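Novice: Could you work out the structure for the sequence below:
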Amino acid sequence: MLEDWVSIGYLVSAIFFIFGLKNLGHPRTAPRGNQYGMFGMAIAVVTTIIDMNFFPEGIVGWTLIGSGILIGSLIGYTMAVKVEMTGMPEMVALFNGFGGAASALVALSETWKWIETTSPEPGLGATVAIVAAGLSALVGWMTLTGSLLAMYKLKGGVELFGKWWIRTPTWGPVWLNPVKALLFVSVLALIYLSIEDPTNTDYIWAIIGISCVLGIILVLPIGGADMPVVVSLLNSLSGIAAAFTGFIINNSVLIVAGSLVGASGLILTFIMCKAMNRQLIDVLFKSFGGSEKQELTRTKVGSDADEVAMMADGAQKIIIVPGYGMAVSQCQHQVKEFADLMQDKFDTEVKYAIHPVAGRMPGHMNVLLAEANVPYEQLIEMDEINPEFPQCDMAIVIGANDTCNPAARTGEGPLAGMPIIDADQARTVVIIKRSLSVGYAGVDNDLFYEDKTMMLFGDGKAMMTDLNNAIKDL
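Specialist: Here you go, the predicted model:
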């Protein structure tokens, strides 16, 4: 009878995971989706503990189980409370790595236990178990090292005692791709050797070592605009590692949860690639911008906050285009203050144009603006907001470059075919940027030099503060 309740518990847990994932698809319902996921995981943990009582020896090590739950809960709560919204991409990457490592460690533990207790002989059962363990180690440890490197790339490097110790490079020569292929084939060969000799643990250690190196060199060449794609892919890999581990320990809820994370992460990865007009294989194995940057041959006289405030006076519709520069300068609160001033003082309609790959992770702009309490209904996706730009009195671009570069429409260069925000179709364009420097793709932006474009050169937070003060003085 209790065994039936265990199956029901796993089923209810899986249902919560599915509904949680569904609710995560919209900013308004995302908090509820997180709650569903939390409840589902709590049910899964309790059900697993109950299931462990059916083992012949029962549960051994209640202290370890309780300590693990307590310590893990304290670490998770502390990180969630202390992390700034601008640090969410790094934390997501870190948690992806932890998920992959946890799955790989459980698989390793079960494999050792199986070898020591059964002394397996070559056969179908041994083959299935070893292949699953090998793939879990490959994906899990590759996810760990790749995610750690992605975290430090997003952070800018390793920081100790308030000073930069190591700046994380973006380095990927052509000969690195054959090395990746060789390492991957080596892991498959080691899995085959493990099938021939299941008791030889040296193969397992070799798989772990090669997988760790593979994760590093897979992420090492990637940077800039491709980082959101990498974070999504690593998220998918952490789920796949969990699913492999579920097969090893015969845990249905782990298989379901891992498959959900793996599938949804992979779908999101392809959505991000489509938004950039890129193929996943190009993101992983080809350079994209950052190598040959166009030299600037044109100049543009900058405007000041007072000029922009005078232009904003009387504007009936303003669309704000946030980008990576807004995240760096952490000016989302000043942006929200600007929108409130325009709405209260001039009854101006204000919306936000969200490009799918703006920022450093999927939904980065949504997260930052939600932190500043920007109403969800004002956050409009690219495809929906683009038709409104011809009727827009002013577009304010904050730290975005490639995502609104008209060069993408020419069909030539690194940005060819990439869908962009149509900010150049607004009647007046205000661009807040430190300089005229090119974006990650290395392509100069013609929008900067148009007659209707006003450039506010400087830090995003400082410029938005000056603009807000100028509007108050009108």
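Novice: Helix or strand next in line after the helix or strand of the chain with the lowest mean pLDDT, which one?
Specialist: Between all helices and strands in the chain, the lowest mean by mean pLDDT, DSSP states H and E belongs to strand 163-167, at a mean of 67. Following strand 163-167 in sequence order, the next helix or strand is helix 176-196 (DSSP states H and E).
Novice: Which elements pack onto the next helix or strand after that next one?
Specialist: The helix or strand immediately downstream of helix 176-196 is helix 202-219, counting by DSSP H and E. Packing partners of helix 202-219 (3 or more CB pairs under 8 Å, 6 or more residues apart in numbering; DSSP states H and E): helix 88-118, helix 124-155, helix 176-196. Glycine gets a C-beta too; all of them are placed from N, C-alpha and C.
Novice: tell me the most buried of those helices?
Specialist: Using mean count of other CB atoms under 10 Å, the stretch among the helices and strands packed on helix 202-219 with the largest mean neighbour count is helix 124-155, at a mean of 23.
Novice: Which neighbours in the sheet does the helix or strand just after it have, and how are they oriented?
Specialist: Next along the chain after helix 124-155, taking DSSP H and E as the criterion, comes strand 157-160. The strands beside strand 157-160 in its sheet (DSSP bridges) come out as strand 163-167 (antiparallel).
Novice: Can you tell me the element F39 falls in?
Specialist: Residue-wise, F39 maps onto helix 30-52 under DSSP H and E.
Novice: Just checking the distance from that helix to the centre of its chain.
Specialist: 23 Å (CA atoms, centre = their mean, to the nearest Å).
Novice: Extract the C-alpha set from it and format it as PDB.
Specialist: Output of helix 30-52 as PDB, limited to C-alpha atoms (Å, rounded to 0.1, in the frame of the first residue of the first chain):
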ATOM      1  CA  ALA A  30       6.700  33.400 -13.000                       C
ATOM      2  CA  PRO A  31       6.600  33.700  -9.200                       C
ATOM      3  CA  ARG A  32       3.700  31.200  -9.100                       C
ATOM      4  CA  GLY A  33       5.800  28.900 -11.400                       C
ATOM      5  CA  ASN A  34       8.700  29.100  -8.900                       C
ATOM      6  CA  GLN A  35       6.300  28.200  -6.100                       C
ATOM      7  CA  TYR A  36       5.000  25.200  -8.000                       C
ATOM      8  CA  GLY A  37       8.500  24.000  -8.700                       C
ATOM      9  CA  MET A  38       9.400  24.400  -5.000                       C
ATOM     10  CA  PHE A  39       6.400  22.400  -3.900                       C
ATOM     11  CA  GLY A  40       7.100  19.700  -6.400                       C
ATOM     12  CA  MET A  41      10.700  19.400  -5.300                       C
ATOM     13  CA  ALA A  42       9.600  19.200  -1.600                       C
ATOM     14  CA  ILE A  43       7.100  16.400  -2.400                       C
ATOM     15  CA  ALA A  44       9.800  14.600  -4.400                       C
ATOM     16  CA  VAL A  45      12.300  14.800  -1.500                       C
ATOM     17  CA  VAL A  46       9.800  13.600   1.100                       C
ATOM     18  CA  THR A  47       8.600  10.800  -1.200                       C
ATOM     19  CA  THR A  48      12.200   9.700  -1.900                       C
ATOM     20  CA  ILE A  49      12.900   9.500   1.900                       C
ATOM     21  CA  ILE A  50       9.700   7.400   2.300                       C
ATOM     22  CA  ASP A  51      10.800   5.200  -0.600                       C
ATOM     23  CA  MET A  52      14.200   4.600   1.000                       C
END
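Novice: So for stretch 210-225, what gets flagged as buried?
Specialist: Neighbour counts over stretch 210-225 (16 or more other CB atoms under 10 Å) mark 210-215, 217-225 as buried.
Novice: Just flag the most distant two among these.
Specialist: I210 and A225 (29.4 Å; CB to CB).
Novice: Flag the shaky bits of the chain, pLDDT-wise.
Specialist: Low-confidence regions of the chain, defined by pLDDT under 70, span residues 1-3, 53-61, 118-123, 125, 160-165, 224-225, 287-293.
Novice: Domain map for it?
Specialist: Taking automatic domain parsing as the criterion, the chain consists of the domains 83-285, 305-473.
Novice: Now do the end-to-end distance for the last one.
Specialist: For domain 305-473, the first-to-last residue distance is 11 Å (CA to CA, to the nearest Å).
Novice: How far away from the center of its chain is it?
Specialist: That offset, for domain 305-473, works out to 22 Å (CA atoms, centre = their mean).
Novice: Please identify which of the buried residues of stretch 210-225 is nearest to S437.
Specialist: G224 (12.9 Å).
Novice: Would you state the helices of the stretch 201-350 of the chain in chain order?
Specialist: Using DSSP state H, counting those that start in this stretch, the helices of the stretch 201-350 of the chain run over 202-219, 227-249, 252-275, 280-285, 305-312, 324-329, 332-346.
Novice: Show me what the third one is packed against.
Specialist: For helix 252-275, the contact count by 3+ CB pairs under 8 Å, 6+ apart identifies helix 2-23, helix 30-52, helix 227-249, helix 280-285 as packing neighbours.
Novice: Just put the domains of the chain in CSV and tack on distance to L24.
Specialist: Shown next, in CSV, are those (distance: least, CB to CB, whole Å):
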stretch, distance to L24
domain 83-285, 9
domain 305-473, 9
